[in-house]
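*Asks:* quick one, fold the following:
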Amino acid sequence: MSISIYAASVGVYTRLLTNLGTILDKAAAYAEERKIEPTALLHARLAPDMHHLIRQVQIATDMVKGTVARLAGVEPPKYEDNEATFADLKARIAKTLDFIKTFKPEQFEGAETRAISIKLPHRQLDFVGTDYLLGFGTPNVYFHYTMVYALLRNNGLAIGKGDYLA
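*Replies:* Coordinates of the predicted model:
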């Protein structure tokens, strides 16, 4: 049995972003119930040299939209990275979900071997589709999604594995 690139990207990322939105709803409610200034959670970091929660969500959604778009052979949309509230982050997640839900399985035909290049400030990364999905895109999505979970757990939000996996 084989799994399609569409299912391994759009299918997986739809679930993860939906779960991420639910976790952010719980975080916003937690801040309100405990009378915690939301920015304390939104700017939380586990270490001084890591990105704060807002940036973790931004990167997770960027990786989702970028991975799906590149695998389908289209240019990913650019977002402004101007989110400042839980509502802003939820809107970004919804926008990303709306974007990836526009893709159809047939757009991923040949994606396994599609050449994908990413230009970074100091280098270029070159992949073929399957390696990009499994070795770069998906690990990055999970990493930043996990950081959001860890930041919120570290700040007292009572979420667990069930919330993460949902």
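
*Asks:* secondary structure element holding Phe127?
*Replies:* For Phe127, the host element (DSSP states H and E) is strand 124-128.

*Asks:* sorry, slip of the keys, the one I care about is Glu80.
*Replies:* Here Glu80 is assigned to no helix or strand, by DSSP H and E.

*Asks:* same question for Asn140.
*Replies:* Using DSSP H and E, Asn140 sits in helix 138-154.

*Asks:* run the chain-centre distance for that helix.
*Replies:* The chain centroid and the centroid of helix 138-154 are separated by 9 Å under CA atoms, centre = their mean, to the nearest Å.

*Asks:* can you name the residues in contact with it?
*Replies:* Outside helix 138-154, the residues that touch it by CB atoms under 8 Å, 6 or more residues apart in numbering are 8-9, 12-13, 16, 19-20, 23-24, 26-27, 41, 44-46, 50-53, 56-57, 59-60, 63-64, 67, 159, 163-164. For the C-beta atoms, the positions are set from N, CA and C on the backbone; glycine is no exception.

*Asks:* buried sites along it?
*Replies:* Buried residues in helix 138-154, defined by neighbour count with 16 or more other CB atoms under 10 Å: Thr138, Asn140, Val141, His144, Tyr145, Met147, Val148, Tyr149, Leu151, Leu152.

*Asks:* just the buried members of the contacts of helix 138-154?
*Replies:* In these, burial by neighbour count holds for 8-9, 12-13, 16, 19-20, 23-24, 26-27, 41, 44, 52-53, 56-57, 59-60, 63-64, 67, 163-164, counting by 16+ other CB under 10 Å.

*Asks:* mind listing which of those are in helices?
*Replies:* 12-13, 16, 19-20, 23-24, 26-27, 41, 53, 56-57, 59-60, 63-64, 67, 163-164 (DSSP state H).

*Asks:* hang on, the earlier thing: which secondary structure elements does the helix or strand that the strand holding Phe127 is followed by contact?
*Replies:* Beyond strand 124-128 in the direction of the C-terminus, DSSP H and E gives the next helix or strand as helix 129-132. In terms of contacts (3 or more CB pairs under 8 Å, 6 or more residues apart in numbering; DSSP states H and E), helix 129-132 is packed against helix 53-72.

*Asks:* and the angle for the helix it packs on with helix 138-154?
*Replies:* Helix 53-72 and helix 138-154 meet at an angle of 160 degrees, taking axes from the mean of the first three to the mean of the last three CA atoms, to 10 degrees as the criterion.

*Asks:* buried set for the helix or strand that helix 53-72 is followed by?
*Replies:* Of the helices and strands lying after helix 53-72 in sequence (DSSP H and E), the nearest is helix 86-100. Within helix 86-100, the residues that qualify as buried are Phe86, Leu89, Lys90, Arg92, Ile93, Thr96, Leu97, Phe99, Ile100, counting by 16+ other CB under 10 Å.
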